[in-house]
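Novice: here is my input, please return the structure:
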Amino acid sequence: MKYVVLVSHGRFAPGLHSALDMLAGEGREDILSASLENGMSSEVYADNLRKCLEVVTPEDEILLLGDLVGGSPLTTATNVIAEKDLLKKTAIIGGMSLPLALSAVLMKDGMELRELVDMLIPEAREELKEFQVTSEESEDEI
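Specialist: As a prediction, the model looks like this:
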């Protein structure tokens with residue numbers, strides 16, 4: 001199985017997990033999440049990650065999505081995955097967003113892990129854009 005693992009500072013990862021449940025189907029076993037809460041020690045967070053990743057086997061692959069490249073949640077998750085000897089079967093992306101995570105969950109089973117990452121990053125960049133609202137009044141005034 002390919003797992004999408006979400007990690008973050010605060011409640012971002014569990015919140016994103018909740019949004020993915022709404023959009024991609026509730027109760028999916030292929031989405032896992034853990035967060036570093038305010039005041040939580042790195043040891044407690046690492047233990048939470050170990051528990052979260054107990055279902056992952058050596059045959060599985062992981063797409064690890066973190067909120068910040070170089071942040072404690074992502075680096076700690078990488079270390080825990082390395083402890084499980086799964087780094088070779090893991091792709092890691094920092095700067096997660098809902099469009100990125102949703103595409104990952106929906107597309108992951110149809111392509112190789114490397115191919116998935118190569119598709120996700122440009123797609124996620126394309127999703128970041130300004131939303132402009134125009135009113136009918138301003139159009140009438142022109």
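Novice: counting neighbours, what do you get for residue 72?
Specialist: 16 (other Cβ atoms under 10 Å). Quick note: C-beta positions are derived from backbone N, CA and C, even for glycine.
Novice: for residue 34, see how far away it is.
Specialist: Look at residue 72 and residue 34: by Cβ to Cβ, to the nearest Å, they are 12 Å apart.
Novice: between the two, what contacts are shared?
Specialist: Overlap of the contact sets of residue 72 and residue 34 (by Cβ atoms under 8 Å, 6 or more residues apart in numbering) consists of residue 45.
Novice: can I take it that residue 47 is in a strand?
Specialist: No: counting by DSSP: H, G, I helix; E, B strand; the rest coil, residue 47 is not part of a strand but helix.
Novice: show me where the chain has strands.
Specialist: Using DSSP state E, the strands of the chain run over 2-9, 31-36, 61-66, 90-94.
Novice: need those strands in TSV with mean neighbour count and distance to residue 108, can you?
Specialist: Shown next, in TSV, are the strands of the chain (neighbours: other Cβ atoms under 10 Å; distance: least, Cβ to Cβ, whole Å):
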stretch	mean neighbour count	distance to residue 108
strand 2-9	24	5
strand 31-36	22	10
strand 61-66	23	6
strand 90-94	19	10
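Novice: mind putting those into JSON lines with mean pLDDT and distance to residue 131?
Specialist: As requested, the strands of the chain are exported to JSON lines (pLDDT from 0 to 100; distance: least, Cβ to Cβ, whole Å):
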{"stretch": "strand 2-9", "mean pLDDT": "98", "distance to residue 131": "24"}
{"stretch": "strand 31-36", "mean pLDDT": "97", "distance to residue 131": "27"}
{"stretch": "strand 61-66", "mean pLDDT": "98", "distance to residue 131": "23"}
{"stretch": "strand 90-94", "mean pLDDT": "97", "distance to residue 131": "24"}
